[in-house]
Structures are given as C-alpha cells and as structure tokens.
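dropping the sequence and predicted coords here.
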Amino acid sequence: MKLRYSAILAGLIGQSAYAGSLVGIAQGMSGYNMVRIDTTTGLAEVMFSLGMEGALTISSMTYDSNRKKYVAVAHYGSNSSFLLWIDPLNGSVTSETIDIFSSYFEAVEHWPWANRLIMTYGANYFTNTFVHYNQLYQINTVVWPNYSGLDMDTVFIDGQNNIFHLDVNNPISSSPLHRIDNFFTSNPTFVPVGTQGIYTGTEYDCAYHPVQDRVYVTRGNNLAYYNASKTAITNVGNYGGHNVTALAYGPVPVTVYGTLVLDDMIPNFAPGVNRTVNWAIKQGTVTAASGSMVTSSSTVNFSTVLPDTIQGYSIWEWDTGSSLKEKLIIVMPGTSFGFGTVHLLNGDADHSGEVDAADIDDVIANFGNSYPGPGNVDADVDGTGEVDAGDIDIVIACFGNADD
C-alpha cells in the first residue's frame with residue numbers, strides 16, 4: 001500500500017523552524033482582541049477575544065517559545081501593570097508564576113537565543129530599569145542604565161540578536177531608537193539609531209519576523225517596517241479599522257478537519273466497544289503534534305486545532321483498535337484546511353501491523369465472547385459487541401493487508 005498524497009498546496013513547501021504569523025492586540029468595543037496581520041496588505045483579522053475590559057491599554061507583547069504562549073503587558077494605571085499569558089490555540093488568558101520587580105512595567109521581550117525573558121520596570125508611566133529572567137522565570141539580573149530621562153516603552157530584537165529600545169515620546173541622545181550594547185553587563189550602552197523625523201509618534205510596539213528578516217512596527221491603525229539599518233520606516237497598509245498597540249511574531253491556530261472511516265465496522269458500535277483513535281503528525285523523526293479521541297461509530301468527523309508553525313511536508317498517521325495504521329502525506333499550510341476522507345482497513349486483531357493467521361487464531365480464541373467483558377475486545381473487529389463468524393469473515397477478507 002502506498003501513502004496517499006493530499007495536495008493541500010500546489011507545490012511542496014519546505015519545513016521552516018521559524019514558521020508562524022505576525023499577530024497583534026487591538027482594542028475593540030468590549031475589551032481587546034487578538035488579531036492576525038497580513039504583512040502584504042496590513043489587514044488585521046480577529047482570531048479571538050481576550051476580554052480585559054478594564055485595562056487602559058495593552059502596550060507590549062512577545063511570544064515565549066519556552067512556555068509556548070504569548071505574554072503581553074496590560075496597564076491599569078500609572079503604577080499598576082499585569083502580565084497576560086495567552087494560549088495561541090484556544091485563546092485563553094492565564095496567570096503564570098514569575099518574579100515581579102515592581103508593580104509597573106512596560107516592555108516585554110523573549111530572547112530565544114539566550115532563552116530569557118526581558119522586562120522594563122519603573123513607576124508613574126516611566127520605566128528605566130531592565131530585568132533579565134532565567135529559564136525558571138526568576139529574576140536573574142537587574143540593571144539600572146545611567147541615562148537621564150530614560151523611558152523604555154518598547155524593547156525588541158532583530159535578526160542579528162541585537163536588542164533595541166524604542167520610545168517615541170521620550171527620546172534620548174536625539175533619537176527615540178537605540179541599540180543596546182553590552183546588554184548583559186551592569187553598564188549597557190545606548191547607541192542612537194535613526195532620527196526623530198522618521199516617526200509619527202504612534203509607534204507602540206515592534207516585532208521581528210524571522211522568515212522575512214524584517215522588523216515590523218505598529219503605528220496605531222497602520223502596519224509598517226524598518227529598513228535594514230533601521231534609519232527609515234515604510235508603511236505597509238491599514239489594519240482595516242483596528243488600532244493595534246502590541247505586536248509579536250508566533251503561532252496562530254489552524255483548524256484541520258476531515259473524515260475517518262473504519263472499514264468493515266457497523267455504523268454504530270455496541271455499548272462498551274468504543275474505539276480510541278490515536279493520531280500523530282510526523283516530520284522526519286520528529287512528532288510535531290499528536291492526540292487521541294474516542295468514537296462509537298465507524299464514521300468519524302475529525303477536527304483539531306494546530307499551530308501554523310507546523311509547516312511543510314508531513315506524514316499524518318492514524319491508528320485505532322483492529323484497524324491497520326493509515327498514513328497520509330500532506331503539506332501543512334498556514335490556513336485552515338481539510339484532508340478529505342481517509343479509510344482505515346480492518347482485521348489486525350493482535351495489533352501486529354499485518355492481517356495474518358495469528359489474527360484468525362486470535363478471533364477464534366475469543367469466539368463467543370461478549371463485550372464489555374474479558375478477552376480481547378479488538379477481536380470483535382466489526383464492533384457488534386460479540387465475536388462471531390462475521391469477525392472471522394472480515395479477517396479472512398482482509399488477509400495479507402499491512403500497516404501503511
């Protein structure tokens with residue numbers, strides 16, 4: 001049996017370790033929404049609501065690849081901030097354990113290269129202190145840069161692992177943007193980059209897009225990006241009525257759906273003989289995602305939510321009960337898609353991966369058993385609740401088939 005190919009895309013897309021999407025947080029009529037942003041047009045599409053009606057603003061966001069969640073900063077006053085941990089697949093907002101240096105903070109950034117979380121702290125709407133967190137989210141280092149009037153609204157990282165600070169309202173050394181050298185020392189250096197003239201005053205947050213090797217900037221209602229030297233900003237387009245105040249790059253949910261058919265089983269199984277369907281998406285030796293579900297019928301409408309970081313050539317494998325394993329070659333895209341109908345062949349009562357004489361022996365050994373009850377329930381290959389001549393007939397008819 002050969003693997004079936006699902007032509008989800010016209011061409012084969014190579015797997016990328018950096019696959020994902022540009023996302024933002026925008027204030028809506030009743031709180032805040034998580035939006036996915038089209039980097040070609042700037043248009044933003046609402047993915048899910050975060051609530052947070054009482055927050056004055058949500059000013060900064062990053063994707064923490066360690067916890068596999070977005071983390072954003074919500075402000076409730078000049079000395080009151082809260083961290084929001086956002087699950088990209090189900091949209092839930094949770095509280096996570098982390099040392100808090102003070103009650104007011106602004107910028108948050110996860111640095112994958114060092115696997116550290118970086119935050120800026122202060123009071124009265126000003127943040128002049130860096131805090132580095134270790135992998136346990138405990139305070140590792142506290143740094144007070146010696147710059148008068150320093151306010152660090154935004155911190156971001158580019159493709160060369162340089163760290164930048166941006167504050168369009170409180171520039172120091174003639175520029176709102178600075179590259180921070182010697183960042184992990186007690187005396188970091190702020191190097192001015194660009195000029196005040198390239199800003200509109202509405203640049204709230206920045207995010208590096210690793211696939212495009214580009215730093216994007218949110219300008220209130222518009223998406224923009226820096227040039228390579230970060231001395232100029234180019235507008236992309238309007239968000240389509242959304243006011244995005246926080247920006248990040250990371251995974252977004254993708255709904256995958258289709259139908260599984262467990263061949264040679266009755267439409268609705270007898271009570272007590274439900275089957276557990278296990279599935280896994282594999283890319284080479286890596287299992288990119290996996291799960292299971294219980295079914296009481298031979299036709300299973302399948303639907304699951306996956307991150308769009310799973311990209312490129314993949315093998316989707318299904319395994320359940322007396323059915324042989326079935327594999328489907330797919331190309332994972334960045335949007336919702338369906339894989340159609342997949343049939344799972346029957347008859348492997350002993351789970352050896354092949355329908356052979358041992359399966360016939362297994363069915364005969366359990367002949368007359370009723371379920372639920374003792375014995376091998378998968379010898380009841382047709383799901384009637386009893387091992388009888390019909391099960392033997394199915395195994396004989398499927399004789400010689402093997403796992404895909």
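Done, it's in.

what ranges does the stretch 301-404 of the chain have for its strands?
With DSSP state E, counting those that start in this stretch as the criterion, the stretch 301-404 of the chain has strands at 312-320, 326-332, 337-344.

the stretch 101-250 of the chain now?
Ranges of strands in the stretch 101-250 of the chain, per DSSP E, counting those that start in this stretch, are 104-111, 116-123, 126-133, 139-143, 154-157, 163-166, 177-181, 189-192, 203-209, 214-219, 222-226, 233-238, 244-250.

give me the helices and strands touching the fifth one, please.
For strand 154-157, the elements it packs on are strand 57-64, strand 104-111, strand 163-166, strand 203-209, judged by 3 or more Cβ pairs under 8 Å, 6 or more residues apart in numbering; DSSP states H and E. Yep, even glycine has a C-beta here, placed from its N, CA and C like the rest.

and stretch 129-142, end to end?
End-to-end span of stretch 129-142 (Cα to Cα, to the nearest Å): 7 Å.

ok, now stretch 379-398?
Distance between the two ends of stretch 379-398: 14 Å, counting by Cα to Cα.

who's in contact with that stretch?
262, 264-266, 269-273, 275, 298, 321-322, 345-347, 349, 355, 359-360, 362-371, 375 (Cβ atoms under 8 Å, 6 or more residues apart in numbering).

so W111 versus F130, what's the distance?
12 Å (Cβ to Cβ, to the nearest Å).

so for those two, which sits in the more crowded spot?
F130 (24 against 17; other Cβ atoms under 10 Å).

which residues are common contacts for W111 and F130?
Here W111 and F130 share the contacting residues I118, scored by Cβ under 8 Å, 6+ apart.

related to what we said a few turns ago, distance to S81 and mean pLDDT added to the strands of the stretch 101-250 of the chain, as CSV?
Output for those, formatted as CSV (distance: least, Cβ to Cβ, whole Å; pLDDT from 0 to 100):
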stretch, distance to S81, mean pLDDT
strand 104-111, 5, 92
strand 116-123, 9, 92
strand 126-133, 9, 91
strand 139-143, 16, 91
strand 154-157, 14, 94
strand 163-166, 18, 94
strand 177-181, 21, 95
strand 189-192, 23, 93
strand 203-209, 15, 94
strand 214-219, 19, 96
strand 222-226, 25, 97
strand 233-238, 27, 96
strand 244-250, 13, 95
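
so can I have TSV of those strands showing distance to S78?
Listed next are those as TSV, based on distance: least, Cβ to Cβ, whole Å:
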stretch	distance to S78
strand 104-111	7
strand 116-123	7
strand 126-133	9
strand 139-143	21
strand 154-157	18
strand 163-166	20
strand 177-181	24
strand 189-192	24
strand 203-209	17
strand 214-219	22
strand 222-226	27
strand 233-238	29
strand 244-250	17
